[in-house]
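Colleague: Pasting the sequence and the predicted model now:
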Amino acid sequence: MNEQVDIKKRTFKDFETDQEVRWCPGCGDYAILKAVQMTLANIGATPENTVFISGIGCSSRFPYYVETYGFHTIHGRAPAVATGVKLANPDLDVWLVTGDGDGLSIGGNHMLHVLRRNVNMQIMLFNNEIYGLTKGQYSPTSKPGTKSPSTPLGSVDLPLNPCSFALGAGARFVARGIDTALKALPQTLARAKDHQGASFVEIYQNCIVFNDKTFEHFTNKKEAANTQIHVEHGKPLVYGKENNLGLRFNVEKFTLEKVVIGEDGVTEEDVLVHDETNKMLAQLLVEMAAPEFPVACGVIYCVPEESYDVAVHNQMEAAKKAKKADFNALIRSGRTWTVE
Amino acid sequence: MNVQTSAGDFEELDSVVVRFAGDSGDGMQLTGTQFSVVTALEGSDLSTFPDFPAEIRAPVGTTFGVSAFQINFGSVEVSTAGDEPDVLVAMNPAALKVSLSGLRKGGLIIVDEGAFNKRNLDKAGYETNPLEDNSLSDYQVQKLDITKMTLESVKEFGLGNKDAIRSKNMWTLGLILWMFDRPRKPITDWLEQKFAKIPDVAKANIAAVNAGHAYGETAEVSSNLRQYHIGKHEEEPGEYRTVNGNQALAWGLVAGSQLGDIPLMLGSYPITPASTLLHTLAGLKEFNVMTFQAEDEIAAICGAIGASFAGHLGITSSSGPGVALKTEAIGLAISTELPVVILDIQRAGPSTGLPTKTEQSDLYQAVCGRNGDAPVVVLATSNPEDCFNVGIEAVRLATKYMTPVIVLSDGYIGNASEPWKIPDINKLDKFTVNFHTDPEGFHPFKRNPKTLARVWAKPGTPGTLHRIGGIEKSYDSGHISYDPANHQKMTDIRAEKILNIANDIPEQSVSLGNAGGKLAVVGWGSTRGAIHQAVKRARGEGIDVSHVHIGNIWPLPRNLGDLLKSFDKVIVAEMNKGQMNNLLRAQYLLDAYSLTKVSGQPFKISEILDCIRDQAGENK
Ligand code: SF4
């Protein structure tokens, strides 16, 4: 569609708007905004062909702060609005911004279907395990026992694992990032953008006001090397400060297990190599929780398949080729008669 | 059934009402539809009323599993499916039981005697066989063993018993074709085409049609079977077809899309009685019509709104319960001032209500049913032909004024068929849909000073980058604004924009009678035909009464208040508990008489006529 009119290299600053950013000081959203603006600059995004679409919640203010087209919609429904945008114009590059409440509670149904349909867009789910904008109630990803205004004695329901949900819904691209990982996150987002289809990226985001440090046990910079694993296709699942920790497949138990290379006769050969096309492995990786396991980040699963918007347009084009659009003939089809 | 003259063997009638009733599996809808087509081809005016259960296949033989199809046809103007059938075809005891009360005294009942066995009588709740106990003495009854005669007529084709029995609707159709002197050829052609791949079935069905017809031809004079002739209805010259409301509405939207050169995107979720809109539009891809069967009603409209944001016209189709789910999203479209067309094919409510029965009870929902001050345009359709025009108008108004437009149709109009003079799209008025591309002084809520519509700049356009959403926006910049005075101004302008549309729609006219006088009957939607006939008859009786039919529900036509006040008395007739009546009262302090009906069945002409006589002081 539109030619790229401006070929000068943009920087992240070109994707800032003149709007005052209204998140709480210290909110993880600031870092994610920066990472996204950097990603847009890095991938050479064209502002007029880029659309940010969000639902409701703290994260969903995002579109106001990115100098592209943007649509701040209603609670939970952004995936459906974004699907409509892609159907009308598949050439637009659509980024969806949602949170754990918006995307997995009120909008869980739409999230399921946008992933299942494989609509070509990047879906960033900011997971802070709490409702921020409505002042601190627990969310579908809150840990059991979370005390909040609506659960004064602690929450008693079991939480959802967003990446596991995405895999279950049939997502063909599942990745994970952390708000403050300013180097890793833009790389993951660039991969998400490259992927043709629905790319699901869960981003752990710290809500400094209502749920501060909930991810501290694996995001703490000092310990991060031992509590996170950044997976890369074709590379061994090795991590740790000394690079001597790894993941091995336990065939008897059908689980992953943590091993120390060089101990108990474990060698590098025993460690699994990441295969982002293996759904079973992806399922095991996304379920790993700290401190027993490192938290998996990066591109965990990626198996492209024709996206819904492309398939719909292919059908449209085929139908247009097969049949001439003759409205007068259409309304005269079937049995007609003439009154003289 | 007014008998005019006796010409030879035929009795000449000016109009007749026939009701086909049977079990859900007896194929009565098909029989009725095919009879309608032949009738239309023969030049009669007609109106149909398919009346079927919500269950796909209710238990065989039960009263709640009865499926009926009523057709009123004549050489005179026909505008309803008829108050009382003159002829009832009852394929089993349950069908007789359900339909009998509506039948005209003295009318003809044709029954399949073969189906009146103990089991079926029990299922229908008959203690004694009505064919034998004299309970039908007010009617002419023609007992025929249709099942047996059908089986005989198709014997040579070697069908299984079940398939063979299925042809009994075609046997019946053959007989009715003979009765009303209609040709068989369109039916046999259709059967050959429909069963082209299973020639034995085609042949058997054709044999059944022929056998039914032959039975009539050889019927004894002493029987109740007679042949009637209904002449052609004087119509304007032109090419005609039959069309039902949902089909015409879908085509109207496509016509609007062609006339305004704007691609359509329908987001929809299946619901009775609106699903055929989705089915029809899904087959029209070559007209740049895209359809999206969403995961739910909310996603359906949200997809439509997304498409509108991206420069298509988003449409969503549903019925009352589905529109309720879409309410928040309609608010988003109002706030972001994006065009979207919402089709509400009303059914009886509240909640699931009666999915296959008709009602006009979503008027409040359409006009008032949202949080905040949230005005939209509301249009109502009155018959299948009107659906086509309303479809075009909805596209025009939505895109010109950047607003949601709700179209209120209903299950009766949606399913009913009528002859339609086929228009020529090249003779319909085109209109321009503008996309804003000029970066100079751009902001997304910049308005056209005349229409008050905001500019429509679609993503992909350089220089008009913008962000919109449901938070209040500044009048001057389009940015988020929490300023109290600004919210007042924006709320005012959203209301003014919609009210201003009253200057872009026709003034209210009187569809029958005078613009002023003693009495007016006001109606909207599918009651049009019944009110028209009632007013016509009352005027024939010398009553000073006029018919005002409102198509523009919101904004109301600018002269409507004055027009209604020029009558001494006003009746508002509608199929709800008085919603339009209250709206008119609120707008014009009009003290009208509210005539309402919510039985899931359309108004009878006689019900309205009675009310007219009462209000005119003629019923003593
Ligand atoms: S409430 Fe929490 S998530 Fe929301 S802006 Fe403040 S810190 Fe961020």
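Modeller: That came through, no problem. As the structure is a prediction and not an experimental result, all values here were calculated from the model.
Colleague: Number of residues surrounding the residue in the stretch 351-500 of chain B that chain A sits nearest to?
Modeller: In the stretch 351-500 of chain B, the residue found nearest to chain A is residue B:469; the distance is 2.7 Å by CB to the nearest CB. C-beta here means a position set from N, CA and C on the backbone, and glycine is covered the same way. When neighbours are defined as other CB atoms under 10 Å in any protein chain shown, residue B:469 has 22 of them.
Colleague: Show me the strands in the stretch 101-250 of chain A, by range?
Modeller: With strands called from DSSP state E, counting those that start in this stretch, the stretch 101-250 of chain A shows them at A:121-127, A:173-178, A:198-204, A:228-231, A:238-239, A:245-250.
Colleague: packing partners for the third one?
Modeller: Looking back up the chat, that one is strand A:198-204. Secondary structure elements in contact with strand A:198-204, counted by 3 or more CB pairs under 8 Å, 6 or more residues apart in numbering or on different chains; DSSP states H and E, are helix A:108-117, strand A:121-127, helix A:162-168, strand A:173-178, helix A:184-194.
Colleague: Put together JSON lines for these, with mean pLDDT on each row.
Modeller: Below are the helices and strands packed on strand A:198-204 laid out as JSON lines (pLDDT from 0 to 100):
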{"stretch": "helix A:108-117", "mean pLDDT": "98"}
{"stretch": "strand A:121-127", "mean pLDDT": "98"}
{"stretch": "helix A:162-168", "mean pLDDT": "98"}
{"stretch": "strand A:173-178", "mean pLDDT": "98"}
{"stretch": "helix A:184-194", "mean pLDDT": "98"}
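Colleague: Between these, which one is closest to residue B:330.
Modeller: Taking CB to CB as the criterion, helix A:108-117 is the member of the helices and strands packed on strand A:198-204 that comes nearest to residue B:330, at 17.2 Å.
Colleague: Show me which residues of the closest one are buried.
Modeller: A:108-115, A:117 (16 or more other CB atoms under 10 Å in any protein chain shown).
Colleague: Show me what it is in contact with.
Modeller: A:76-80, A:82-83, A:96, A:98, A:103-104, A:121, A:123, A:125, A:140, A:165-166, A:169-171, A:198, A:200, A:308, B:294-296, B:298-299, B:302 (CB atoms under 8 Å, 6 or more residues apart in numbering or on different chains).
Colleague: Could you do stretch B:557-566 as well?
Modeller: Under CB under 8 Å, 6+ apart, the answer for stretch B:557-566 is B:502-503, B:505-508, B:510, B:515-517, B:520, B:522, B:548, B:550, B:570, B:584, B:587-588, B:590, B:592.
Colleague: now, which of the residues you listed lie within helices?
Modeller: B:584, B:587-588 (DSSP state H).
Colleague: who wins for neighbours among those residues?
Modeller: Neighbour-wise, the ones in helices among the contacts of stretch B:557-566 (other CB under 10 Å) top out at residue B:584, 23 neighbours.
Colleague: any idea how far residue B:341 is from that one?
Modeller: 25 Å (CB to CB, to the nearest Å).
Colleague: cool, residue A:102 as well?
Modeller: Here residue A:102 is placed at a distance of 27 Å from residue B:341 (CB to CB).
Colleague: likewise residue A:9?
Modeller: Residue A:9 is 43 Å from residue B:341, where distance means CB to CB.
Colleague: Who has more neighbours out of those two?
Modeller: Comparing residue A:9 with residue B:341 by other CB under 10 Å, the one with more neighbours is residue B:341, at 28 against 9.
Colleague: How about the one helix or strand the more buried one maps to and chain A, touching?
Modeller: Residue B:341 is located in strand B:340-346, with elements delineated by DSSP states H and E. No: judged by CB under 8 Å from any CB of the partner chain, strand B:340-346 stays clear of chain A, getting no closer than 10.0 Å.
Colleague: After that strand, which helix or strand is next?
Modeller: Counting by DSSP H and E, what follows strand B:340-346 is helix B:363-368.
Colleague: Show me what the helix or strand following that next one packs onto, helices and strands only.
Modeller: Moving toward the C-terminus from helix B:363-368, the next helix or strand (DSSP H and E) is strand B:377-380. Under the contact definition 3+ CB pairs under 8 Å, 6+ apart, strand B:377-380 sits against helix B:363-368, helix B:384-401, strand B:404-410, strand B:552-554.
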